[in-house]
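Any chance you can model this:
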Amino acid sequence: MHLLNVDVTYALSPQAKGKVERPYRWLQDRMVRTCVYEEIANIEDCRSVLRDEILRYNDHQIHSTTGEIPSIRFERALKSGNSLFRKFLLPKPYTSPQDVFCLREQRMVNGYHKISLFKYESKVPKVPLREYVDVHMARDTDMQVMHIRIWWNEKLVHSVSLPLQGFRVHF
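Just a heads-up that it's a prediction; the model follows:
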């Protein structure tokens with residue numbers, strides 16, 4: 001989020017925090033009651049109830065505090081420029097959203113112009129020996145590959161896709 005200049009804004013009062021948490025608490029309570037009433041026991045049916053409730057809350061229900069339907073109020077705020085939402089723009093020098101929304105590692109280029117990443121070794125041309133490179137890893141579950149993009153001095157120096165098996169992420 002730092003790359004996109006997005007900061008955390010904390011609620012400055014208990015009332016402001018409650019304003020954010022209240023709808024979620026209300027939605028959770030309503031979900032439980034609806035699932036019990038309709039005798040829903042599996043997660044897929046619960047997801048369907050959740051989608052219906054969110055649609056109803058956002059597009060049909062008049063909000064008790066504002067007296068407006070949330071989706072209409074939101075659209076009006078966007079049109080008038082009274083919103084903190086802004087268009088997504090890739091920060092320079094990146095050329096793909098995969099460079100922003102990815103896992104990141106740093107690796108040092110060894111004496112053979114290679115870096116080691118999990119059980120794989122990858123050649124890194126055009127980078128001096130013993131320099132650190134930024135490794136951006138984006139998972140593609142459809143193709144079962146990990147897209148690896150290697151950056152040095154704000155330039156993309158190498159890109160490769162490796163099989164997904166063998167990659168393990170520890171948090």
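
what's the span of stretch 120-127, first residue to last?
18 Å (Cα to Cα, to the nearest Å).

Need the residues that contact it.
Here stretch 120-127 makes contact (Cβ atoms under 8 Å, 6 or more residues apart in numbering) with 109, 113-115, 133, 148, 150, 152, 157-158, 160, 162, 166. All C-beta atoms are positioned from the backbone trio N, CA, C, and that covers glycine.

Could you work out the most separated pair of the residues you listed?
Trp152 and Gly166 (24.0 Å; Cβ to Cβ).

So for these two, which residue has more residues nearby?
Trp152 (17 against 11; other Cβ atoms under 10 Å).

thought that one was touching Ile115?
No - assessed by Cβ atoms under 8 Å, Trp152 is found out of contact with Ile115, at 10.5 Å.

what touches both of these two?
124, 133.

For the residue of the chain positioned farthest from its centre, which residues are in contact?
Of all residues in the chain, Gly111 sits farthest from the chain's C-alpha centroid, using Cα atoms, centre = their mean; the distance is 36.1 Å. Neighbouring residues of Gly111 by Cβ under 8 Å, 6+ apart: Leu129.

need the helices for the protein, in chain order.
For the chain, helices defined by DSSP state H occupy the ranges 14-37, 43-59, 70-80.
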